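1. Fold the following, please.
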Amino acid sequence: MSTSDPAYVQELAVPSLSVSGYPRHSLIVRVTHWITALSFVGLLVSGIAILISHPRLYWGETGNVATPSLIDLPIPFVLENQNGWGRYLHFLSAWILVINGVTYILFGFATGHFRKNLLPAKADLNWRVFVVLLKQVRFKRRRDEKSPTYNVLQQVSYLTVVFVLFPFVIWTGLAMSPALVSVFPALVTFLGGHQSARTLHFVVAAFLVLFVFIHLVMVWLAGFGIHVRAMVTGYGAARKEHA
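-> From the prediction side, this is the model:
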């Protein structure tokens, strides 16, 4: 076929399929994401083991079976005084999460990740925008991935988790450590006592579990394989590009 043939020129103009797709997540984001996921599973399992050994929540400095409780969880006392492994796993998972979280935050500020990907535009911080986004939520599966960016609802929720919920759950966890409290008593006194810290720790942890559940549901609705692949390889769905 001659290079002057119109069919040849038209063939060159046909877009080809990119093998790798477009960049979506950096290596640090992917590594810290999976470390966070594993740490969260460890915290959840060990936290449940600790909780069912005494499923009552109190307010103030002290609380036991002989004192009135603030909340009685519908869980039987089945592992009383048998949660040593749970406390060890909880402590280990928590410190891994702290180190991993600090790494992610330092990376986010150093590279502008938060500013470029998670910081909403001022024009989007409007209650009308939130209402529109909430109305657009549909509990049905979709396979397309038209944009690698997050909408304002996702941005606000991720920033809240990273800079509010996680720091607060770590603070309340540290406030239950006698060794740390003996050096920094303000950790617990500001919260109202050891039992208050335990109750607040449970409440914030419940919000984090709810967030993870919603996150997994939305990933499944948006295409589980596509998003998991992006978080493993760093690339989104392949798209057509001109040769």
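2. tally of neighbours for S53?
-> By the criterion of other Cβ atoms under 10 Å, S53 has 18 neighbours. C-beta coordinates here come from the backbone N, C-alpha and C atoms, glycine included.
3. Likewise for F213?
-> Neighbours of F213 (other Cβ under 10 Å): 10.
4. Relative to W59, how far out is it?
-> The gap separating F213 from W59 is 27 Å, by Cβ to Cβ, to the nearest Å.
5. Equivalent analysis for G84, please.
-> 26 Å.
6. Just name whatever secondary elements the longest helix seen in the chain is in contact with.
-> Determined from DSSP state H, the single longest helix within the chain is helix 194-233. Counting contacts by 3 or more Cβ pairs under 8 Å, 6 or more residues apart in numbering; DSSP states H and E, helix 194-233 is packed against helix 27-53, strand 56-57, helix 166-174, helix 186-189.
7. May I see these organised as CSV, with distance to L125 added?
-> Formatted as CSV, these follow (distance: least, Cβ to Cβ, whole Å):
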stretch, distance to L125
helix 27-53, 24
strand 56-57, 35
helix 166-174, 22
helix 186-189, 33
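8. of those, which approaches N100 most closely?
-> Distance to N100, taken as Cβ to Cβ, is lowest for helix 27-53 among these, at 4.5 Å.
9. what packs against the closest one?
-> Here helix 27-53 touches helix 84-111, helix 194-233, going by 3+ Cβ pairs under 8 Å, 6+ apart.
10. got the helices and strands packed on helix 194-233 as TSV, with mean pLDDT and distance to K122 columns?
-> Output for those, formatted as TSV (pLDDT from 0 to 100; distance: least, Cβ to Cβ, whole Å):
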stretch	mean pLDDT	distance to K122
helix 27-53	93	25
strand 56-57	94	40
helix 166-174	94	24
helix 186-189	93	35
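11. Which one of the ones you listed lies nearest to A123?
-> helix 27-53 (25.8 Å).
12. the inter-axis angle of that closest one versus helix 194-233?
-> Helix 27-53 runs at 140 degrees relative to helix 194-233, counting by axes from the mean of the first three to the mean of the last three Cα atoms, to 10 degrees.
13. Next, work out how far apart the closest residue to D72 other than its chain neighbours and P74 are.
-> In space, D72 comes closest to R56 once its chain neighbours are excluded; the distance is 5.6 Å by Cβ to Cβ, 6 or more residues apart in numbering. R56 is 11 Å from P74, where distance means Cβ to Cβ.
14. which of the two has more neighbours?
-> Neighbours around R56 and P74, counted as other Cβ under 10 Å, are more numerous at R56. The numbers are 20 against 5.
15. before we move on, back to that, quick one: the residue nearest to D72 and P76 touch, right?
-> No - applying Cβ atoms under 8 Å as the test, R56 and P76 come out as separate, 11.6 Å apart.
16. Check which helices and strands the helix or strand containing L180 is in contact with.
-> According to DSSP states H and E, L180 maps onto helix 178-183. Counting contacts by 3+ Cβ pairs under 8 Å, 6+ apart, helix 178-183 packs against helix 186-189.
17. who touches the helix it packs on?
-> 171, 174-176, 180-181, 194, 197 (Cβ atoms under 8 Å, 6 or more residues apart in numbering).
18. from the residues you listed, which two are the most distant?
-> W171 and H194 (13.3 Å).
19. hey, what's in contact with both of the two?
-> Counting by Cβ under 8 Å, 6+ apart, nothing touches both W171 and H194.
20. who's more crowded, these two?
-> H194 (20 against 17).
21. quick revisit: restrict the helix holding L180 to CA atoms and write it as PDB.
-> Provided in PDB are the C-alpha atoms of helix 178-183 (Å, rounded to 0.1, in the frame of the first residue of the first chain):
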ATOM      1  CA  PRO A 178      -1.300   3.800  81.900                       C
ATOM      2  CA  ALA A 179       2.400   4.200  80.900                       C
ATOM      3  CA  LEU A 180       1.700   7.100  78.500                       C
ATOM      4  CA  VAL A 181      -0.900   8.800  80.800                       C
ATOM      5  CA  SER A 182       1.600   8.800  83.600                       C
ATOM      6  CA  VAL A 183       3.900  10.900  81.500                       C
END
